[in-house]
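1. what would the 3D arrangement of this be:
(2 chains)
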Amino acid sequence: GQNIDQPTEMTATEGAIVQINCTYQTSGFNGLFWYQQHAGEAPTFLSYNVLDGLEEKGRFSSFLSRSKGYSYLLLKELQMKDSASYLCAASTDSWGKLQFGAGTQVVVTP
Amino acid sequence: GAGVSQSPSNKVTEKGKDVELRCDPISGHTALYWYRQSLGQGLEFLIYFQGNSAPDKSGLPSDRFSAERTGGSVSTLTIQRTQQEDSAVYLCASSLGGLAGRDEQYFGPGTRLTVT
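-> Numbering: from 1, shown residues only, chains lettered A, B, ... in the order given. Predicted coordinates for the structure are as follows:
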């Protein structure tokens, strides 16, 4: 079967760093996406990894290990506006069919 | 330019009625996707359309659900004989569709469906 696992909730202090882990097991794999979703809003794209390694984009970085079926999203210098749900999604075919995890709610405290 | 739009934003319907949800993708995007998000849950894939290819309907939960895409643009998701478990936010997304499934998907604001 297909499975995407990520923690339900994480809490961190403003200015700190948080790492959200995601493990996946899918019948096909064509890359790993991370999306951010604020409450009541649509998901917005953060990052895409298809090759092993770290991709850095400003305060956000994403890592992929295909052999381990593992990814993480690293959020640095946390700001209050980063409080949101972070969705891990595996692309499972050549047409962008995404299998999503349940999302990790990140709570940033002052 | 304009993003993905969906209508209505909210829909309340009685159990057993049919509903139609509409999605207008970003102009020029060849790929269109429908997802469902129940309260506190992740996004569940329903169906996608990619150019002129046959749609992938593998995520539709039952034969009460159907979708079409007219003229390669607007899409309508139809739920017949609605049930209370159909209550969810229905999200539409579109992408350029040119990079073999590696394109970013742009999401619409969703339609919140409540079946009473």
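
2. enumerate the residues of chain A near chain B.
-> For chain A, the residues in contact with chain B (C-beta under 8 Å from any C-beta of the partner chain) are A:4, A:30-31, A:33, A:41-45, A:48, A:50, A:87, A:89, A:91, A:93-103. Every C-beta, even on glycine, is put in place using the N, C-alpha and C of the backbone.

3. going by neighbour count, which of those are buried?
-> Taking 16 or more other C-beta atoms under 10 Å in any protein chain shown as the criterion, what is buried in the residues of chain A next to chain B is A:4, A:30-31, A:33, A:42-43, A:48, A:87, A:89, A:91, A:93, A:95-103.

4. okay, and residue 46 sits in which element?
-> Let's take chain A. Element membership of A:L46 [criterion: DSSP states H and E] is strand A:44-49.

5. I was after chain B.
-> strand B:43-50.

6. can you name the residues in contact with that strand?
-> Contact partners of strand B:43-50, identified using C-beta atoms under 8 Å, 6 or more residues apart in numbering or on different chains, comprise A:43, A:87, A:89, A:95-100, B:30-38, B:55-61, B:65, B:67, B:69, B:75, B:77, B:90-91, B:97.

7. hang on, the earlier thing: dump the C-alpha coordinates for whatever helix or strand comes next after the strand holding A:L46 into PDB.
-> As assigned by DSSP H and E, the chain's next helix or strand after strand A:44-49 is strand A:53-57. The C-alpha trace of strand A:53-57 is given here as PDB (Å, rounded to 0.1, in the frame of the first residue of the first chain):
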ATOM      1  CA  GLY A  53      20.300  15.900  -1.000                       C
ATOM      2  CA  LEU A  54      19.500  19.300   0.500                       C
ATOM      3  CA  GLU A  55      17.700  22.100  -1.300                       C
ATOM      4  CA  GLU A  56      18.000  25.500   0.400                       C
ATOM      5  CA  LYS A  57      15.500  28.300  -0.300                       C
END
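
8. adjacent strands (with direction) for strand A:53-57?
-> strand A:60-65 (antiparallel) (DSSP bridges).

9. okay, buried residues for the strand it pairs with please.
-> Buried, per 16+ other C-beta under 10 Å, within strand A:60-65: A:F60, A:S61, A:S62, A:F63, A:L64.

10. how about the strands in chain B?
-> B:5-7, B:10-13, B:19-24, B:31-37, B:43-50, B:65-69, B:75-79, B:88-95, B:106-107, B:111-115 (DSSP state E).
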